[in-house]
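>>> I need the structure of the sequence given here:
(one chain, ligands or ions: 1)
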Amino acid sequence: MTSIPGNLQAVRERIARAAVACGRHPDAIRLLAVSKTWPADRVAEAADAGQRAFGENYAQEGADKVDALAERALEWHFIGPLQSNKTRLVASRFAWVHSVDRLKIAQRLSEQRDPQLPALNLCLQVNVSGEHSKSGVAPDDVPALAEAVRALPGVRLRGLMCIPEPTGDEALLRERFATLRRLLDALNERGLALDTLSMGMSHDIEPAIAEGATIVRVGTAIFGDRTRSASPDA
Ligand SMILES: *Cc1c(COP(=O)(O)O)cnc(C)c1O
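Now for the predicted structure:
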């Protein structure tokens, strides 16, 4: 039986150790608990253990959990592929979207965001693995997309996100994360004032933090193996 409070504590300790090992303050890294496929009661258990930010990949599943847990002051991040017909659902329920890879999606999120709500925080998902991966904007196209997204009124561009292709090559993985950090640095040199690098998952928190991650997205190490989550819509 998975102990969510115990797992959360272990992940927080990994984050702190990784931060200290590279001379960073542990508070500079936020933990996003990725609760996709897990029912709302598991999210509630993590919330009871002090976790506040949760990540979801599927719009309808995520929206249902946001609504089910509405009385708790949780912060919801959308991190999955986003289609045009789901932007309204996401714009109304989430505080962040990490997976923006084209202008049209950002425009729709901006238009559909309720002006009464704070601007929706966005990250651009970047393809740092070249031909090995299909999702994300190509590194060369990041500056133009960032400038266009920055001009939209309903959203606030916060930074960049990546999901490197799986590899057993530690040095290559570090290089993928470093690519994202250099892209962020280049945008900030152009005056964009971005503060977020969303990178690192259960198996690669440490190299991501060493390369500057400010949000790590962790599912399995907190909630357990997703193949055992018995999701109704998997
Ligand atoms: C599922 C998922 C995660 C979490 O992955 P784990 O390996 O379970 O920690 C992080 N980011 C994205 C975009 C995901 O889809």
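>>> just checking, what packs against the helix of greatest length in the chain?
Ranked by number of residues, the top helix in the chain under DSSP state H is helix 170-189. In terms of contact count using 3 or more CB pairs under 8 Å, 6 or more residues apart in numbering; DSSP states H and E, helix 170-189 is assigned the packing partners helix 142-150, strand 155-161, strand 196-198, helix 205-210. Where you see a C-beta, it was placed from the backbone N, CA and C, and this is true even at glycine.
>>> buried stuff in the second one?
By neighbour count, with 16 or more other CB atoms under 10 Å as the criterion, the buried positions of strand 155-161 are 155, 157-161.
>>> next one: the first one
For helix 142-150, burial by neighbour count (16+ other CB under 10 Å) applies to 142, 145-146, 149-150.
>>> what does stretch 48-59 give?
Taking 16+ other CB under 10 Å as the neighbour-count basis, stretch 48-59 is seen to contain the buried residues 49, 51, 53-59.
>>> show me the beta-bridge partners of the nearest residue to Gly62 once chain neighbours are set aside.
Beyond its immediate neighbours in the sequence, the residue positioned closest to Gly62 (CB to CB, 6 or more residues apart in numbering) is Glu56, lying 3.1 Å away. Bridge pairing for Glu56 (DSSP bridges) gives the partners Phe78.
>>> ok, Ile15 to the ligand distance?
Distance of Ile15 to the ligand, given as CB to the nearest ligand atom, to the nearest Å: 13 Å.
>>> likewise for Ala19?
Taking CB to the nearest ligand atom as the measure, Ala19 falls 18 Å from the ligand.
>>> just confirm that residue contacts Glu206, I think it does.
No: shown here, Ala19 and Glu206 do not form a contact pair, counting by CB atoms under 8 Å, at 9.7 Å.
>>> what do those two both touch?
Listed contacts common to Ala19 and Glu206 are nil; contacts here mean CB atoms under 8 Å, 6 or more residues apart in numbering.
>>> hmm, back to that, got CSV for the buried residues of stretch 48-59, with pLDDT and distance to Leu32 too?
Written out in CSV, the entries for these read as follows (pLDDT from 0 to 100; distance: CB to CB, whole Å):
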residue, pLDDT, distance to Leu32
Ala49, 98, 15
Gln51, 98, 9
Ala53, 98, 5
Phe54, 98, 7
Gly55, 98, 5
Glu56, 98, 10
Asn57, 97, 12
Tyr58, 97, 16
Ala59, 97, 17
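>>> so which of the residues you listed is the closest to the ligand?
Proximity to the ligand was ranked across these by CB to the nearest ligand atom; first place goes to Asn57, at 4.9 Å.
>>> would you enumerate the residues in contact with the closest one?
34, 36, 78-81.
>>> can you rerun that using 6 Å?
Applying CB atoms under 6 Å, 6 or more residues apart in numbering, we find Asn57 in contact with 36, 79-80.
>>> those residues also near the ligand: which ones?
Near the ligand, judged by CB under 6 Å from any ligand atom, the entries from these are 36, 79-80.
>>> switch the residues you listed over to TSV; also include neighbour count and pLDDT.
Listed next are the ones next to the ligand among the contacts of Asn57 as TSV, based on neighbours: other CB atoms under 10 Å; pLDDT from 0 to 100:
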residue	neighbour count	pLDDT
Lys36	20	97
Ile79	26	98
Gly80	20	97
